[in-house]
Every structure is written in structure tokens, then in C-alpha cells.
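Student: for reference, the sequence and a predicted model appear below.
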Amino acid sequence: MSTYLLEIVTPERLVFAEQVNSISVRGLEGDLGILPGHLPLVTPLKIAPVRIKTGGQTEVIAVNGGFVEVRKDKVVILAESAERSENIDVERARAARERAELRLQSKQEKVDHHRAEVALQRALNRLNATSIRTNKN
């Protein structure tokens, strides 16, 4: 089966750089599967897990927004932040989800609801990534 190079990069570091068979990402217009030979494309990404298939293995990375650029023989994801599912602290992600939910329920005017909503999406993304990884193994 043919492959292409996938790089997932954040402002802080290179999170992933390997040859892969396919990936699945969530763009603003919906889910997108990228196989070798895909047409060139640049599109924004939503906060969602990225599923990476190599051989018979699936790896999941929690990507928190950014862009995907598909080139002839390489795909680059420029993410605001990204974390491999095996490195996610589930208890910390649950605590972040609870804090964000409490902020969203708050009636105080000082609460930035947009920031709380984004924090909730990121926490849920991290939990979803660990759930997908657990269910695949």
C-alpha cells in the first residue's frame, strides 16, 4: 500500500512525522479522508481527533484547530496544539471539562463564554481521542 509523509506541527514542537497510509480530519465543512495521491488542498480544521492509519494500526492525535495542507506527497497539519492520545492525562482532561461546564453555567458577567466554550471543546476532544484509542485496541 502506498504512503505519504504526515507532519503535525504546533508552534512549540513537531508532534508527529511519519509515513502513513491515510488520515481522517474534521474540517469546517465536515470530515475529510486523505489517501495517497489526494488533490492539493488547504482547509481550516475544527477541534477534533485526527485518525492516522499505518498498516493495520490506528493512532489518534487530539488536534485543537489549525489548518491541513495536502501536497503531492506530503500532508502538513499546522495545529494550535496537538497531543498524542497515549500522552493525555484523562483525569486532567475531565477536570478541565468540569471547570469549563461550570463557567458556561455561571450567570456572572465576568465569565468569557467564548473562552469557556473553546476550553470545553478542547477537553472533550482530548477525552474523545483517548476513547477512540481505547476502543481501537
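Tutor: Received the coordinates, thanks.
Student: I'd like the average pLDDT over stretch 43-54.
Tutor: Mean pLDDT, stretch 43-54: 95.
Student: pull out the buried positions in it.
Tutor: Neighbour-count burial for stretch 43-54 flags 45-54 (criterion: 16 or more other CB atoms under 10 Å). Every C-beta, even on glycine, is put in place using the N, C-alpha and C of the backbone.
Student: make CSV out of these and add secondary structure and distance to Ile88.
Tutor: As requested, those are arranged in CSV below (DSSP: H, G, I helix; E, B strand; the rest coil; distance: CB to CB, whole Å):
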residue, secondary structure, distance to Ile88
Leu45, strand, 18
Lys46, strand, 18
Ile47, strand, 14
Ala48, strand, 14
Pro49, strand, 10
Val50, strand, 13
Arg51, strand, 15
Ile52, strand, 15
Lys53, strand, 20
Thr54, strand, 20
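Student: can these go into TSV with extra columns for distance to Arg94?
Tutor: Putting those into TSV (distance: CB to CB, whole Å) gives the following:
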residue	distance to Arg94
Leu45	24
Lys46	21
Ile47	17
Ala48	18
Pro49	17
Val50	21
Arg51	22
Ile52	24
Lys53	28
Thr54	29
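Student: render the CA-only coordinates of the longest helix seen in the chain in CSV, please.
Tutor: Secondary structure of the chain read by DSSP state H shows that its longest helix is helix 113-136. Taking C-alpha atoms only, helix 113-136 is exported to CSV below (Å, rounded to 0.1, in the frame of the first residue of the first chain):
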residue,chain,number,x,y,z
HIS,A,113,-18.4,32.4,27.5
HIS,A,114,-16.5,32.0,24.2
ARG,A,115,-13.3,31.1,26.0
ALA,A,116,-15.2,28.7,28.2
GLU,A,117,-16.8,27.1,25.1
VAL,A,118,-13.4,26.6,23.5
ALA,A,119,-12.0,25.2,26.7
LEU,A,120,-14.9,22.7,26.8
GLN,A,121,-14.3,21.7,23.2
ARG,A,122,-10.6,21.1,23.8
ALA,A,123,-11.3,19.0,26.9
LEU,A,124,-13.9,16.9,25.1
ASN,A,125,-11.5,16.5,22.2
ARG,A,126,-8.8,15.1,24.5
LEU,A,127,-11.3,12.7,26.1
ASN,A,128,-12.7,11.6,22.7
ALA,A,129,-9.1,10.9,21.5
THR,A,130,-8.4,8.7,24.4
SER,A,131,-11.8,6.9,24.0
ILE,A,132,-11.1,6.2,20.3
ARG,A,133,-7.7,4.9,21.1
THR,A,134,-9.1,2.6,23.9
ASN,A,135,-11.8,1.3,21.6
LYS,A,136,-9.4,0.5,18.7
